[in-house]
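> Take a look and give me a structure for this.
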Amino acid sequence: MSEYDPTGHTRNLVLDGAFTDRRVGEHAERVPCRGFRVRWSADEPTVRLVMPAACLDDGDYRAVRYAVLTERASDTDFAPDEQNGSGWVKRG
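Residues are numbered from 1 along each chain as shown. Take a look at the predicted model:
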């Protein structure tokens, strides 16, 4: 997760599980992840997140899926369009 503030301050952390799997009222635990990096570019506009494999199930995983939730004031966008995130993408 990365929270971006245009003044230059960001808050970056890794949480256990996926927000697409949560039920209302459930909260994720923070997971230590040495090497997790986030780069925001307002000019592009893009964000790049780099997470070492060891931070995801100790590197013992076969596939990942992704989802993006962006919020600006009262505007919220979700990608991809499916509410459960992307399909599974095989590792390597």
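
> Every contact and neighbour count from this point should use C-alpha atoms.
Noted.

> from what I can see F36 touches A53, true?
No - between F36 and A53 there is no contact under C-alpha atoms under 8 Å: 10.0 Å.

> hey, where'd the strands end up in this structure?
Here the chain has its strands, by DSSP state E, at 2-4, 10-12, 14-15, 30-31, 37-41, 46-50, 63-64, 68-72, 75-79, 89-90.

> What mean pLDDT does the fifth one get?
When the per-residue pLDDT values of strand 37-41 are averaged, the result is 85.

> buried set for that strand?
38, 40 (16 or more other C-alpha atoms under 10 Å).

> Neighbouring strands - and their directions - for it?
Using DSSP bridges, the strands paired with strand 37-41 are strand 46-50 (antiparallel).

> The strand it pairs with: how far from the chain's middle?
Distance of strand 46-50 from its chain centroid, counting by C-alpha atoms, centre = their mean, to the nearest Å, is 9 Å.
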